[in-house]
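A.B. asks: got a predicted structure here, sequence first:
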Amino acid sequence: MHVLVIGENEQQCQHLSLILEFIDYETDVCLYGQWQAQQEHIQSVIITASDNNDNTAKEINLIKEKLGDKMPVLLLTDESSKELPQAISSSIVTTVDMPVKYRQLVHALHLAEVYRESKISNGKNSPMLFRSLVGNSRAIIHVRKLIEQVADTEANVLILGESGTGKEVVARNLHYYSSRRDNPFVPVNCGAIPPDLLESELFGHEKGAFTGAITARQGRFELAQGGTLFLDEIGDMPLNMQVKLLRVIQERVFERVGSNKSIKVDVRIIAATHRNLEEHIEQGNFREDLYYRLNVFPIEMPPLQQRVEDIPLLINELITRMEHEQRGSVRLTPAAITALCQYPWPGNVRELSNLIERLVIMFPYGVVDVRDLPEKFRGHTAITDIDPSQNNISAVIPTPSSAETQAMDIDTPQRLPSEGIDLKEHLTGLEYSLIKQALDEANGVVAHAAKRLHMRRTTLVEKMRKYGLQRQEQATGI
C-alpha cells in the first residue's frame, strides 16, 4: 500500500514515514496544502492533526475533493480521547494515537484497506469464487487442466481425494464450464442420507408410497434434469441403491417410489469419494460394474499438505469471500502465514476455512500474529511481536546465544524453505536481533556494543534509530 503522510511538522512526518517504510509501506511526505493529487499510486492518507481543528477539517475536505471519497483517511492525533468535531469524524476511517504503537497502526491501515476495497466494489455482487481453483502448485495446475479437458463433454467424472480437499469445488467447476451451466447443479451427499430414505431422495415418490408420503415429490434426478447431479461420498451408498443407480446410468430412465411409470432423464453424473473404491470392491462393498461406469474420467484432488505453496493464496481467497459476504475481515502477518504453512492440515481446506472464520470472529478487522493463532497452529515458528506498551516499534525476536553467534558462518549453505523466504525481512530480523543482543550484553553502552559488532559508533546509532532501539532512560515518541 502506498501511503501519503500529511502534517504541519516535517520532522514528525518523516519519523512516521520511517516507521511505515520499516513495516513495508511506501510513503510520500508533504506539508499541509503542499501535496499533489497523484491518484494513480496513493492508496491511503495519514494526516496528523493540527492544533486548530478548522485547519485539520479544511485539509481533510481538500483530500476528499482531490482524491475522492474512496480514499481512506486516517487521523494521527494525541487527542483521540476527546470528542472530534463532526466535520472531522465523519470524514475519517479511524484515529491513531500518538505516540504511535505498532498494533494500533497496523490495525488502522488494515481498516483503510478494507474501506478502500469496499468503496471500489461499490456494492457489486460477489464474484462466483468457486469458478477458480485457487493455487499455483503443480498439483492444482494439473487439476485445472483436467477440468478444462473434460468439462464440456458428457463423460461421467469420479473425483477422488481426502475429506475437505474441495471435491465439490471441482464438481461445480465441471458444471460451470460445460454446456449444461444454465441448467441445475444438484448435489447429494450419499453418506448423510439414511439408506431407507436415499431411494426416495434420488428418484422421488408418489403420494401414499409409504407412511408419511402425503404428497408426490420429485427426486434429485428430476430436479437436475438437463443439468448435473453431484453424488458426493458415493462410496457410502448401499449396495441395493448401487444397482438402481447403475440402471439409471445405463438406460437413462427411472421410476419414482410407488410408481411403475418410467421417467426419462438427461443428467450428467459426477461422483466423489474419499474412500478407496478398489478396496471396497475387493471387500464386496461396492459394485465393480458401477465403478467402471463412474470412473470414466478420474480427477484426484491433492491434500493441502501436498500444496503448501497455495496456502497464502487460499487464505487471501477465503478472507476475500468473507468480505464480499459482509461477514467481516482479518489480516495475517507473514509470521502467522509461515506458521500455517508448517501445519499438516489433516482437515485440508475445510479446516483452513474454519480457522479463518474463527479468526474473523476473534479479531474482527484486526491483524493476527503467530501468538494470536490457536496453539496447535503455531508450530515451531519464531514468534515476532511488537510491544504495544512501548512508544517505539520493536520486534521481539529469539536472540541467539553467544556460542551460536560465534558459530555463525556465512559460507555455510542454508537450506531454503520450499515455500521460499522474504530475504529482506529475514536479514532485517537477524540484524535487529544481533544489535539488540550486543546492546543488552554491553548494558546499553553504545560504544561497547559497536565494538562487539565491529562497526563505527555512529553507524550503530543510525541503525538503532532505524529499529527504534533506545536506552530506557531516553524518551521516545513521534
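C.D. replies: Arrived safely.

A.B. asks: would you map the strands across the stretch 101-250 of the chain?
C.D. replies: In the stretch 101-250 of the chain, strands defined by DSSP state E, counting those that start in this stretch lie at 157-160, 185-189, 228-232, listed in chain order.

A.B. asks: hey, least reliable of the ones you listed by pLDDT?
C.D. replies: When those are compared on mean pLDDT, strand 185-189 scores lowest, with a mean of 91.

A.B. asks: now do the buried residues in it.
C.D. replies: Within strand 185-189, the residues scored as buried using 16 or more other Cβ atoms under 10 Å are 185-188. Any C-beta I mention is one placed from the backbone N, CA and C, and that applies to glycine too.

A.B. asks: give me the sheet partners of it and which way each runs.
C.D. replies: Take DSSP bridges as the rule and strand 185-189 pairs in its sheet with strand 228-232 (parallel).

A.B. asks: distance from the strand it pairs with to the middle of the chain?
C.D. replies: Relative to the mean C-alpha coordinate of its chain, strand 228-232 is positioned 28 Å out (Cα atoms, centre = their mean, to the nearest Å).

A.B. asks: who touches that strand?
C.D. replies: Where contact means Cβ atoms under 8 Å, 6 or more residues apart in numbering, the residues beyond strand 228-232 that reach it are 167-168, 171-172, 174-175, 178, 180, 183-191, 220-221, 237, 245, 267-273.

A.B. asks: now T48, nearest residue through space, not along the chain?
C.D. replies: The spatially closest residue to T48, leaving aside those adjacent along the chain, is G7, at 3.6 Å (Cβ to Cβ, 6 or more residues apart in numbering).

A.B. asks: list the contacts of the one you found.
C.D. replies: For G7, the set of contacting residues under the criterion of Cβ under 8 Å, 6+ apart consists of 13, 16, 31-32, 47-48, 76.

A.B. asks: same question, S200
C.D. replies: Contact partners of S200, counting by Cβ under 8 Å, 6+ apart, are 209-210, 213, 217, 219, 257.

A.B. asks: hmm, back to that, I'd like to know which of the contacts of G7 is nearest to L423.
C.D. replies: Distance to L423 across those (Cβ to Cβ) is lowest for L16, with 26.1 Å.

A.B. asks: next step: the contacts of G7 restricted to strands.
C.D. replies: Filtering the contacts of G7 for membership in strands, criterion DSSP state E, returns 31, 47-48, 76.

A.B. asks: ok, and the closest non-adjacent residue to T333?
C.D. replies: The shortest distance from T333 to any non-neighbouring residue, by Cβ to Cβ, 6+ apart, is to D369 (4.7 Å).

A.B. asks: for A213, that is, sorry about that
C.D. replies: Leaving aside its sequence neighbours, A213 sits nearest to H205 (Cβ to Cβ, 6+ apart; 5.2 Å).

A.B. asks: surely that neighbour touches V257?
C.D. replies: Yes: the pair formed by H205 and V257 meets the contact definition of Cβ atoms under 8 Å, at 3.9 Å.

A.B. asks: so these two - more neighbours on which side?
C.D. replies: H205 (22 against 18; other Cβ atoms under 10 Å).

A.B. asks: on the pLDDT front, check that one for me.
C.D. replies: H205 is assigned a pLDDT of 87 by the prediction.

A.B. asks: bridging residues for it?
C.D. replies: The partner list for H205 in beta bridges (DSSP bridges) reads R217, V257.

A.B. asks: quick check: next helix or strand after the helix or strand bottoming out on mean pLDDT in the chain?
C.D. replies: Within the chain, judged by mean pLDDT, DSSP states H and E, the helix or strand with the poorest mean is helix 402-407; its value is a mean of 38. Per DSSP states H and E, the first helix or strand lying C-terminal to helix 402-407 is helix 423-441.

A.B. asks: using CSV, write out every CA atom in whichever helix or strand comes after that following helix.
C.D. replies: Following the chain from helix 423-441 toward its C-terminal end, the next helix or strand by DSSP H and E is helix 446-452. Taking C-alpha atoms only, helix 446-452 is exported to CSV below (Å, rounded to 0.1, in the frame of the first residue of the first chain):
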residue,chain,number,x,y,z
VAL,A,446,26.6,2.1,22.5
ALA,A,447,30.4,2.3,22.2
HIS,A,448,30.9,-1.1,23.7
ALA,A,449,28.1,-2.6,21.6
ALA,A,450,29.6,-1.1,18.4
LYS,A,451,32.9,-2.6,19.3
ARG,A,452,31.4,-6.1,19.7
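
A.B. asks: what sits up against helix 446-452?
C.D. replies: Taking contacts as Cβ under 8 Å, 6+ apart, the residues outside helix 446-452 that touch it are 435, 438-439, 441-442, 456-457, 459-461, 464.

A.B. asks: also stretch 29-46?
C.D. replies: So stretch 29-46 is in contact with 1-8, 10, 13-14, 16-17, 20, 26, 28, 50, 55, 59, 62-63, 66-68, 71-76, 96, 109, 112-113, 116, going by Cβ under 8 Å, 6+ apart.

A.B. asks: who does the residue nearest to D28 when sequence neighbours are not counted bridge with?
C.D. replies: Taking Cβ to Cβ, 6+ apart, and ignoring the residues beside it in sequence, D28 has L4 as its nearest neighbour in space, at 5.0 Å. On the basis of DSSP bridges, L4 takes part in beta bridges with D28, V45.

A.B. asks: any idea how far F297 is from L4?
C.D. replies: In this view, L4 and F297 are 54 Å apart by Cβ to Cβ, to the nearest Å.

A.B. asks: quick one: residues contacting W345.
C.D. replies: Taking Cβ under 8 Å, 6+ apart as the contact definition, W345 lies against 303-305, 351-352.

A.B. asks: so the protein: which segments form each domain?
C.D. replies: Domain assignment for the chain, taken from automatic domain parsing, gives 2-121, 138-301, 402-467.

A.B. asks: burial of E323, as a residue count?
C.D. replies: E323 is flanked by 19 other residues according to other Cβ under 10 Å.

A.B. asks: that one reaches V330, doesn't it?
C.D. replies: No: checked against Cβ under 8 Å, the pair E323 and V330 is beyond contact range at 9.6 Å.

A.B. asks: spatially central residue in this structure, please.
C.D. replies: When Cα atoms, centre = their mean is applied to the chain, the residue found nearest the centroid is I315 (1.8 Å).
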